[in-house]
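> Provided below for reference: sequence and predicted model.
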Amino acid sequence: MGIKANFTQEDVRKRFDAILSEIEKKQIARLKKLGEMCLIEARNNKGYMMQTGALLSSTGYQVFVDGVAVHSQFDAASGAESGAAATGMKAGQSIAERVGKGTKGIALVVVAGMNYAAYVEARGYNVLSSAEHLAERELPRMLDKLITSIKRAAE
C-alpha cells in the first residue's frame, strides 16, 4: 500500500504561481509607498524657490514590472502656472518611461524631469537628493519586513 497524492503537478504549479503573484503585489505596494515617501520628501524639503512650478511638477515616480509601468504619480505643484505644470509633468513622465522601460523585475523610478534639475542640485539646492537618501534608508527596512512576512506565511 503506497501513498497516493490527491493533487497534480498542475495543482502545485498553480499554488506556487499564486504565491509568487501575491509576493509581487506586496512588492509593488511597498514600492508605491516608498515612491510616495520620496515624492513627499522632495516636495516638502525642496531647497529652491519655485518660479513657475515646472521643476516641482516634473518630480514624481513610476513603478515598473519588467519594463511596463504599473503605477504612475505626477501631480501639478500647488501654485504652479498651468502651462509650466503640464510641461513639467510631461517631462517627468517621459524620463521615467525612458528609464523604466529597460528594467527587469520590479523597479521604482523617481525623477525630477526638467533638464535643469541637475543644475539646481549642483548649485547646492535639494531637488531629489534628500529623497534618494530616504529611499536608501527605507528600502532595506521595507524589504526586511516583506521577507519576514513571507517567512511567517510559509510556516
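Arrived safely, thanks for sending. Numbering: from 1, shown residues only.
> Gly105 reaches Asp66, doesn't it?
Yes. Between Gly105 and Asp66 there is a contact under C-beta atoms under 8 Å: 6.8 Å. C-beta coordinates here come from the backbone N, C-alpha and C atoms, glycine included.
> what residue ranges in this protein score low on pLDDT?
Residue ranges of the chain with pLDDT under 70: 1.
> where do the helices sit along it?
Secondary structure of the chain by DSSP state H: the helices cover 9-44, 54-57, 82-100, 117-122, 129-154.
> residue contacts, the nearest residue to Cys38 once chain neighbours are set aside?
In space, Cys38 comes closest to Ala131 once its chain neighbours are excluded; the distance is 3.9 Å by C-beta to C-beta, 6 or more residues apart in numbering. Shown in contact with Ala131 (C-beta atoms under 8 Å, 6 or more residues apart in numbering): 38-39, 41-42, 110.
> swap the cut-off to 10 Å and go again
34-35, 37-45, 59, 61, 110, 112 (C-beta atoms under 10 Å, 6 or more residues apart in numbering).
> could you tell me which of those residues count as buried?
34-35, 37-39, 41-43, 59, 61, 110, 112 (16 or more other C-beta atoms under 10 Å).
> of all these, which comes closest to Met89?
Using C-beta to C-beta, Thr59 is the member of these that lies nearest Met89, at 9.3 Å.
> bridged to the closest one, which residues?
Following DSSP bridges, Thr59 is listed with bridge partners Ala112.
> next one: the one 4 residues further on
For Val63, the residues forming beta bridges with it (DSSP bridges) are His71, Leu108.
> might one say that it is in contact with Lys25?
No. Applying C-beta atoms under 10 Å as the test, Val63 and Lys25 come out as separate, 11.4 Å apart.
> contacts only, for the residue nearest the centre of the chain.
Among the residues of the chain, the one closest to the centroid is Leu108, at 3.2 Å (C-alpha atoms, centre = their mean). Contacts for Leu108 were tallied using C-beta under 10 Å, 6+ apart; they are 27-28, 30-35, 38, 61-64, 71, 96, 100, 135, 139.
> can you rerun that using 8 Å?
Contact analysis of Leu108 by C-beta under 8 Å, 6+ apart lists 31, 34-35, 61-64, 135.
> swap in Ala135?
By C-beta under 8 Å, 6+ apart, the contact list for Ala135 reads 34, 37-38, 108, 110.
> got it, and Tyr116?
Leu55.
> got phi/psi on it?
Main-chain torsions, Tyr116, degrees, to the nearest 10: phi -100, psi 10.
> much appreciated, bye for now.
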